[in-house]
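1. sequence plus the predicted model coming up.
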Amino acid sequence: MSNTDTTEVNVLRDWDFDVNLSGLVAPTGKGGNILPTGYYKIKLADLYVNPDRNPNRVVIKCQVAEGPFAGAIRTTGFNKPQGDDDKVRYYWRGLAESSGYTPAQLDAGSVRLGVGSFKDRVAHIFFTAKDEENGVKYEDIDFLAPMEWTQQKQSFEMSGGATPTKAPTGGIGSALGETPSAAIEESTSALGSNSAEAGNATKKSALLTRLGVN
């Protein structure tokens, strides 16, 4: 076949399909591979359980909400607590505080958490990028209460982006995780429908003190 011959056999050009591309970040775009270590506001884009891999773990998709890396997605996750002494509760507390729930709401007693408690809420994180040359083998996400996030971000920027020597902790918030939406329920009543603006209450609560986190 000559170089000018465009004839091809056994090919079909009469093809089409349905696909939903909304909310995706192209692999060649800003949200592709590189996300530097730093402080980010993120949207809790999705929270789900993959029963085939681990029915006890909630996978959390974090999408950077603003700035030059808006749209970048990173994934973390927490196991479901198995009892009142399960340490993973601290991480869920951190996620709740990071996404705007107040100590008053969270200290009221037993609450019910679900995807509606967090999905699409804005949370505050410190992201550590993988850097094997400096001994950082894995990416890491710490959830911070909003006020703690603001203070640490200012210090981080003033120090020229030096990575904190100690992992940031927003009370419990950092260790806990990510962003709730209207479905933290205390017993039978919803605990989060009007709490999206409660980001200033970021202090450690009396409950955390009683739990021995301080």
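-> Received the coordinates, thanks.
2. how about the strands in the protein?
-> 38-48, 57-64, 73-79, 111-112, 122-128, 140-144, 185-186, 189-190 (DSSP state E).
3. for the residue lying closest to Phe78 once chain neighbours are set aside, give its distance to Gln154.
-> Ranked by Cβ to Cβ, 6 or more residues apart in numbering and with sequence neighbours excluded, the top spatial neighbour of Phe78 is Tyr91, at 5.0 Å. Any C-beta I mention is one placed from the backbone N, CA and C, and that applies to glycine too. Taking Cβ to Cβ, to the nearest Å as the measure, Tyr91 falls 25 Å from Gln154.
4. more neighbours, the two?
-> Tyr91 (24 against 11; other Cβ atoms under 10 Å).
5. read off the pLDDT value for the more buried one.
-> Tyr91 is assigned 94 on the pLDDT scale.
6. low-confidence ranges, the protein, go.
-> 1-17, 19, 23-33, 162-214 (pLDDT under 70).
7. what about the longest helix in it?
-> Longest helix in the chain, counting residues (DSSP state H): helix 146-158.
8. using CSV, write down the CA coordinates of that helix.
-> Output in CSV follows, covering the C-alpha atoms of helix 146-158 (Å, rounded to 0.1, in the frame of the first residue of the first chain):
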residue,chain,number,x,y,z
PRO,A,146,-11.4,25.4,59.6
MET,A,147,-9.7,27.7,62.2
GLU,A,148,-6.8,25.4,62.7
TRP,A,149,-6.4,25.1,59.0
THR,A,150,-6.3,28.8,58.5
GLN,A,151,-3.7,29.3,61.2
GLN,A,152,-1.5,26.5,60.0
LYS,A,153,-1.8,27.6,56.4
GLN,A,154,-0.6,31.1,57.3
SER,A,155,2.4,29.7,59.2
PHE,A,156,3.2,27.3,56.3
GLU,A,157,3.1,30.2,53.8
MET,A,158,5.2,32.4,56.0
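9. please renumber so the chain begins at 35
-> Sounds good: first residue 35 from here, last item helix 180-192.
10. show me which residues of that helix are buried.
-> Pro180, Met181, Glu182, Trp183, Thr184, Gln186, Lys187, Phe190 (16 or more other Cβ atoms under 10 Å).
11. ends of stretch 129-141, how far apart?
-> 14 Å (Cα to Cα, to the nearest Å).
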